[in-house]
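# model this:
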Amino acid sequence: MQHPIELFATQLISIRLPKKPLNCQLDGGHLVVEPRRHISDRIDCSEREAIELMAASMLAARAMYSVLKVEKVNYQEMGNWSLDATQSAKLHIHIFGRQRQQRYQQRGESIRFFPAGHNIYSEVYLAHSPTQTGDLISAMQSIVKQAPFAQLFPV
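Numbering: from 1, shown residues only. Down below sits the predicted model:
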């Protein structure tokens, strides 16, 4: 099984590539933002975690616009697939890029999901390439030095 690749992190949050993308990189791609601490709902975030979680979702989106040239970004907080897991659901935010020309998704509609474990996620949807991954990391390292991110993330 492929392990998630971390693109950016602080002591409180992480931006990573998912193990299996829920949106093909040809349709705009998929990143995940999550707190490091196991939090089941955003209402349980500390003030600092809440700030960094929002800032990280903005940073991920800015990098997707810059590197992947997506037309739009959708943010979706979900955790239903892990509700029946032994450990409670963990708060995380999915960042989905949308392209003008969609291959698997319908333009102008919400992202369509198949049941958990569907083979489309492992056999059809393409993950970000190593070049895209490196470019996303570089972009985040640069963007985080700019306003408003320089003020939102601790040095």
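# count residues in the vicinity of P4, would you?
Counted with other Cβ atoms under 10 Å, the neighbours of P4 add up to 13. Just so you know, the C-beta spots here come from the backbone N, C-alpha and C atoms, and that holds for glycine as well.
# what sits closest to it if chain neighbours are left out?
Using Cβ to Cβ, 6 or more residues apart in numbering and skipping the chain neighbours, the partner closest in space to P4 is R16 (4.4 Å).
# pretty sure that neighbour is touching R36, no?
No: counting by Cβ atoms under 8 Å, R16 does not reach R36; the two are 11.1 Å apart.
# more neighbours, the two?
R16 (18 against 13).
# OK, contacts around that one?
Shown in contact with R16 (Cβ atoms under 8 Å, 6 or more residues apart in numbering): 4-7, 31-32, 34.
# separate out the buried members of those.
Neighbour counting with 16 or more other Cβ atoms under 10 Å marks 7, 31-32, 34 as buried within the contacts of R16.
# kindly list the longest helix within the protein.
As assigned by DSSP state H, the longest helix anywhere in the chain is helix 47-63.
# quick check: mean pLDDT of it?
Computed over helix 47-63, the mean pLDDT rounds to 97.
# list the contacts of that helix.
So helix 47-63 is in contact with 7-8, 10, 12-15, 31, 33, 35, 37, 39, 42, 45, 73, 75, 91, 93, 95, 136, 139-140, 143-144, 148-149, 152-153, going by Cβ under 8 Å, 6+ apart.
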